[in-house]
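Student: Provided below are the primary sequence and the corresponding predicted coordinates.
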Amino acid sequence: MQQEIANSLSPPPEKPASVEKELPNMGKDQQPLCNLYTSTLQHGGVEIDRFSTATGTLEGAAF
């Protein structure tokens, strides 16, 4: 059982693990999803300037 778990967590030898992080994008202009999170948190009253890799807030977002 432990070996099965270890095998499922390890990448296959022909495909090494990648250390690069892929950033999720949204919308036609590909704004980072973290911009949506930043805007949503600010709308909810959380005083933050940015969330994670956000580049700003969503302009004109209707909540």
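Tutor: Received, thanks. Residues are numbered from 1 along each chain as shown.
Student: quick one: secondary structure of Gln3?
Tutor: At Gln3, secondary structure determined by DSSP: H, G, I helix; E, B strand; the rest coil is helix.
Student: In the protein, where is pLDDT below threshold?
Tutor: Residues of the chain that meet the criterion pLDDT under 70 lie in 1, 7-9, 11-12, 15-31.
Student: Which parts of it are helices?
Tutor: Assignment of helices within the chain using DSSP state H yields the ranges 2-9, 33-43.
Student: Nearest to Ala54, out of these?
Tutor: For Ala54, the closest of the helices of the chain is helix 33-43, at 3.8 Å, according to CB to CB. Backbone N, C-alpha and C define where each C-beta goes, glycine included.
Student: Same question for the closest one: list its buried residues.
Tutor: By neighbour count, with 16 or more other CB atoms under 10 Å as the criterion, the buried positions of helix 33-43 are 33-39, 41-42.
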